[in-house]
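fold the following for me, if possible:
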Amino acid sequence: ALYRALLLTPVMQHRVTLPGQSKHVRTISRAAAARSDIPIISLTRLSDAEQFSNVVERRAADVCVVGGSCTAVLAAYSLAKAGRKVVLLPDYGLSAAAPGPTRQHPLKLTDPDALLVHLASESAAYWRGLELLAGSPLLSHHHTCDIVVNPETDHAGAVGFSKLQEACRSAGVVTVPLSHSELVSQHSELSLPGDSAGLMQPDGAVLHAADITAAVRTLADRAGVISRPGLVLRGWRDRGSCFQLRASSRLSPELLTEVESEVLLLAPHYWTKECLRMFGLRLEGLQTREVTSCRIPAGVLQAQQQQPLWQYWGTTAAADAPQQPQGACGLPLLQDSYEGWLVHQLPAWGVPVDDPFKWQPADQAWADRRPQMQLGADQQMPTRDTSSISSSWIQLQIQKLHSTCQQVVRGTGPITTAVPTSSLRTCTADGRPVIGQHPGFDAGRVVVACGASGLTPYGPGSSSSSYQLSPMLAKSAADLIKSAGAAGVDNAVLQGISLQREGLGSSSIEVADSWEQLSVLQEAKPLSAEQVEQQQDEAADRRQDLANLDTLTS
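Modelled structure (predicted):
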């Protein structure tokens, strides 16, 4: 009789929590909820979307890692090795365009900031340990060479270069200063002016991103991490004792996976500011910049494996001259039939991207419009338009990178053979990454981890990529979660890269309805008047339900 009554009951459902269910919930019909022999502790009306959704998978976890960065996967692996049950959701679901993958990243220990030198040195040890665990080569060992022209004169590059040796000495990293004659005698492939100087460091490397990604995902799977790479985040909410997230594929959005997790780790890969805003965190000090990289052919006088990884620190000439060489990092191409160098533009020379939903990678425009691009030597740098790529802008960036390569490397090929790519960098004013607790939640519940580069030309964090710090960021985030807040972690390091440090402008903001209306932030769609009214009604209902719960508890 009860079964027949449940079948004939109207669709309107309620959620009740019964004794002995801990944090899990059971959905029953209105008729069953009205029975006096079922003790009801809380009563919450389900939304229409929730009543008719098709949940095909449910997962419970200690930690849910949201993000597809190398830091996210390494942190998930570290937490799983420590005995935590971990679910990894890589995709935040932003409709903004994604940059193409960067195949090679520098591992470079020298920097004007001693803290960043320390983080890079520790990360280098972790990268080599990871290579042993993976059982396959993940990096190619090279010594690094920082190069500056006119080091005795007062220009920004010389000032930044002068701080390298002291910062490395403070962090316990060995460096060797080189004169022009010593540079040329040791590296015959370099072609430098007579008034140049260098600083050599023997522990650098080139990181092979594709091999690293495959290796860390395999290690995470072996450690028991439950990864869902094909799913897109559709909503999240705070249930008090846990967080509830739901995700689905782009092809079948109606087939949902639900995850309940006690702790969240937010580690976005790109569009960091927008991804964190989806979880109610504003970071005014973060900035996304588009940087250009070029594959440039050059005469190879030695085997590629023996060539140095170099960074150019500029000269006294005007930095805004159209063809003036600018700060850049050069990596020998090792996993490509294309012989030469991969030259990265440093983030300080990249262009800010204010609207991710209008942005398109610049290299797409270069491929489409390359035959029509002509830029005179006296033409000034145009304004970058994020909605329609400026052809002269990308042409100018290529010319500058080519000029830098000509300044440093012997036998640089013609500019017409340069192959550009476009990528995104998250930047902070001090060039330091970000680790810390979300200010909108109790300590230990939501942890944020993201890498960053520097905004100041030739300043701290001026390496071409923060990718090299991924192991230390993952370790720091995992330690913060395992210690539930503070104890047991390197507080000196955490204070230097803290989410709460001056200049980041971190604050908690309200997200209207992160469960039903998260797509508003994912797609930047304005709310209609009806949607606003509906959200207000649902919020009033939730407040009334909480009031009823307080009354029952009393």
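
all helices for the stretch 201-350 of the chain, in order.
Secondary structure of the stretch 201-350 of the chain by DSSP state H, counting those that start in this stretch: the helices cover 209-223, 272-277.

just say which of those is most tucked in.
helix 272-277 (a mean of 21; mean count of other C-beta atoms under 10 Å). C-beta: built from backbone N, CA, C; applies to glycine.

doesn't residue 68 lie inside a strand?
No. In this structure, residue 68 is coil, not part of a strand, as judged by DSSP: H, G, I helix; E, B strand; the rest coil.

ok, the closest residue in space to it that isn't next to it in sequence - contacts?
Distances taken as C-beta to C-beta, 6 or more residues apart in numbering put residue 90 closest to residue 68, at 3.4 Å, once the chain neighbours are dropped. Listed by C-beta atoms under 8 Å, 6 or more residues apart in numbering, the contact partners of residue 90 are 66-68, 72, 227-229, 269.

and these, which two are furthest apart?
228 and 269 (15.3 Å; C-beta to C-beta).

those two: which has the busier surroundings?
For residue 228 versus residue 269, neighbours defined as other C-beta atoms under 10 Å are more numerous around residue 269 (21 against 18).

what residues are up against the more buried one?
Residue 269 is in contact with 67-69, 72, 90, counting by C-beta under 8 Å, 6+ apart.

ditto for residue 226
Taking C-beta under 8 Å, 6+ apart, one finds 59, 61, 85-88 in contact with residue 226.

could you pull up phi and psi at the closest residue in space to residue 218 that isn't next to it in sequence?
In this structure, residue 218 finds its nearest non-sequential neighbour in residue 134, 7.4 Å apart by C-beta to C-beta, 6+ apart. Dihedral pair for residue 134: phi -70, psi -30, per degrees, to the nearest 10.

residue 134 and residue 219 touch, don't they?
Yes. Using C-beta atoms under 8 Å, residue 134 makes contact with residue 219 at a distance of 6.8 Å.

save the contacts of residue 226 as CSV, and put in distance to residue 106 and neighbour count too.
Shown next, in CSV, are those (distance: C-beta to C-beta, whole Å; neighbours: other C-beta atoms under 10 Å):
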residue, distance to residue 106, neighbour count
59, 37, 15
61, 35, 22
85, 35, 17
86, 30, 27
87, 32, 23
88, 27, 27
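
so how far is residue 220 from the residue nearest to residue 218?
12 Å (C-beta to C-beta, to the nearest Å).

and the residue lying closest to residue 349 once chain neighbours are set aside, how many residues sit next to it?
In this structure, residue 349 finds its nearest non-sequential neighbour in residue 326, 5.3 Å apart by C-beta to C-beta, 6+ apart. Per other C-beta under 10 Å, the neighbour tally for residue 326 reads 24.

how about residue 493?
17.

element containing the nearest residue to it once chain neighbours are set aside?
For residue 493, ignoring the flanking residues on the chain, the nearest one in space by C-beta to C-beta, 6+ apart is residue 476 at 6.7 Å. Following DSSP states H and E, one finds residue 476 within helix 470-482.

report the contact partners of the nearest residue to residue 155 once chain neighbours are set aside.
Among residues not flanking residue 155 along the chain, residue 316 sits closest, at 4.7 Å (C-beta to C-beta, 6+ apart). When contacts are counted by C-beta under 8 Å, 6+ apart, residue 316 touches 149-150, 153, 155, 158.

filter the residues you listed to the buried ones?
149-150, 155, 158 (16 or more other C-beta atoms under 10 Å).
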